[in-house]
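> Here is my input; please provide its structure:
(one chain, ligands or ions: 1)
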Amino acid sequence: MPDLSPATPAEASSTAPWVELRSLDTLWFQVSGTVCNLACTHCFVSSSPTNHTHEALSLAEIVPYLEEGSALGVKEYYFTGGEPFLNPEMEQILEKTLEYGPATVLTNGLLLNPDRCRKLARMARDCRYSLDFRVSLDGYSAATNDPIRGAGTFERILAGISNLFKAGLNPVITVTEVYDDNGSIEGKTRFFALLAELGIEKPRLKMLPVFRIGAEAERTGAYESWQRLRTSDKPGSWDHLQCSSCRMVTDQGVWVCPILVNEPDGKMGAELADTLNAFAMTHSACWTCHVYGVSCKT
Ligand code: SF4
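Numbers count the residues shown, from 1 in each chain. Take a look at the predicted model:
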């Protein structure tokens, strides 16, 4: 029986379990900061054209983290924002990263014109490690996607996906469960049919639950105080949580994970070496990670 008792922030903090960093496998970069060319109504980072909570990372800022991460055994690198391709150095950053390991870019697809996609496909073909893309889409029609991601975005996202595919890249389509039927069998079937219409015979789909923080808290409401983790939850270990194997680099230092970048207490240090210790899961978003088994990785 789950504990549904409410808690003050102090109580939640004192009873929160700690998650150890098992190994630093995945290094994330908030590469465009919190700046985006969209202002999606479910964005847990509240990214938008005017959100400068975090600014873009330059290639020169990223290289020391690639070096440090490599020495610490990082196996793969992820880039998110905001919209990564708003970063004017994004392609150079990818080229450099691919000297260290596999890379994945999470993008809204709007800046994926045919020329850029051909260039990215050449990079993917010629580099030592794999280069992968995730494109976000929140409905299988304009009527369902556009209220979340913005007017006209459905067609523009499909164009970006199509440009990647025509260049020889098969992106993972990331769908947030903003509607009950997005994650149902019928919903997934509709997404697969949509991708088939683009000629994609081997569709790749990743579903994510919503996190009720940032813009999503304004859209559907914030977490209830009982939605939190407690030491008494004791699942055996917390190794199923992505924060047991990842850290997130921003322009202001290193955060515990990609989800809490707007939370001041999510910051763990300036360098990766400062962030190898355990983290207290006081935040309600941690409850979603545990209950839904979320990983932002592909
Ligand atoms: S939000 Fe999720 S990934 Fe981040 S610290 Fe909490 S449990 Fe870990």
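> And the next helix or strand past the lowest-mean-pLDDT helix or strand in the chain?
Counting by mean pLDDT, DSSP states H and E, the chain has its least confident helix or strand at helix 9-14, which shows a mean of 71. Next along the chain after helix 9-14, taking DSSP states H and E as the criterion, comes strand 18-19.
> what does that next one rub up against?
With contact meaning C-beta atoms under 8 Å, 6 or more residues apart in numbering, strand 18-19 is reached by 238, 241, 243-244, 278-281. Where you see a C-beta, it was placed from the backbone N, CA and C, and this is true even at glycine.
> These: which ones sit near the ligand?
Applying C-beta under 6 Å from any ligand atom, the subset of the contacts of strand 18-19 adjacent to the ligand comprises 241, 243, 279, 281.
> What's the PyMOL line that selects buried ones from these?
Under the burial definition 16 or more other C-beta atoms under 10 Å, those of these that qualify are selected in PyMOL by:
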select buried, resi 241+243+279+281
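> for the ones next to the ligand among the contacts of strand 18-19, which one is nearest the ligand?
In terms of C-beta to the nearest ligand atom, no member of these lies closer to the ligand than Cys243, at 3.1 Å.
> what secondary structure does that closest one sit in?
Three-state assignment for Cys243 (DSSP: H, G, I helix; E, B strand; the rest coil): helix.
> In contact with it, which residues?
Applying C-beta under 8 Å, 6+ apart, we find Cys243 in contact with 19, 21, 256-257, 279, 281, 289.
> mind running it again at 7 Å?
Shown in contact with Cys243 (C-beta atoms under 7 Å, 6 or more residues apart in numbering): 19, 256-257, 279.
> where's it relative to Glu201, distance?
36 Å (C-beta to C-beta, to the nearest Å).
> returning to that earlier point: which two of the contacts of Cys243 have the greatest separation?
For these, the maximum inter-member distance is 9.6 Å, found between Val19 and Cys257 (C-beta to C-beta).
> Spit out the contact partners of the residue in the stretch 51-200 of the chain that the ligand sits nearest to.
Using C-beta to the nearest ligand atom, the single residue of the stretch 51-200 of the chain nearest to the ligand is Tyr78, 12.9 Å away. By C-beta under 7 Å, 6+ apart, the contact list for Tyr78 reads 26, 28, 104, 106, 297.
> Which residues of this structure lie near the ligand?
19, 241-243, 256-257, 259-260, 279, 281, 283, 285-286, 289.
> Repeat the analysis, applying 5 Å as the threshold.
By C-beta under 5 Å from any ligand atom, the residues of the chain that approach the ligand are 241-243, 256-257, 259, 281, 285-286, 289.
> What segments of this structure are strands?
Chain-ordered strands for the chain, with DSSP state E as the definition, fall at 18-19, 26-30, 76-80, 103-107, 131-136, 172-176, 205-208, 246-250, 253-255, 267-269, 279-280.
> if you average pLDDT over the third one, what comes out?
Read that as strand 76-80. Across strand 76-80, pLDDT averages out at 98.
> One more: the first one?
The average pLDDT within strand 18-19 is 96.
> returning to that earlier point: could you redo the contacts of strand 18-19 as TSV and give each row pLDDT?
Formatted as TSV, these follow (pLDDT from 0 to 100):
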residue	pLDDT
Trp238	94
Leu241	96
Cys243	98
Ser244	98
Ala278	97
Phe279	97
Ala280	96
Met281	96
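> Let me have these in TSV, extended by distance to Arg118.
As requested, those are arranged in TSV below (distance: C-beta to C-beta, whole Å):
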residue	distance to Arg118
Trp238	43
Leu241	38
Cys243	37
Ser244	38
Ala278	45
Phe279	41
Ala280	46
Met281	43
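> farthest-separated two in those residues?
Of all pairs in the contacts of strand 18-19, the most separated under C-beta to C-beta is Ser244 and Ala280 at 13.6 Å.
> Tell me which of those two has more neighbours.
Taking neighbours as other C-beta atoms under 10 Å, Ser244 and Ala280 compare with Ser244 leading, 19 against 16.
> What residues does the more buried one make contact with?
Residues counted as contacts of Ser244 (C-beta under 7 Å, 6+ apart) are 19-22, 238.
> So which bits of stretch 196-215 are buried?
By neighbour count on 16+ other C-beta under 10 Å, the buried set for stretch 196-215 is 200, 203-204, 207-208, 210-215.
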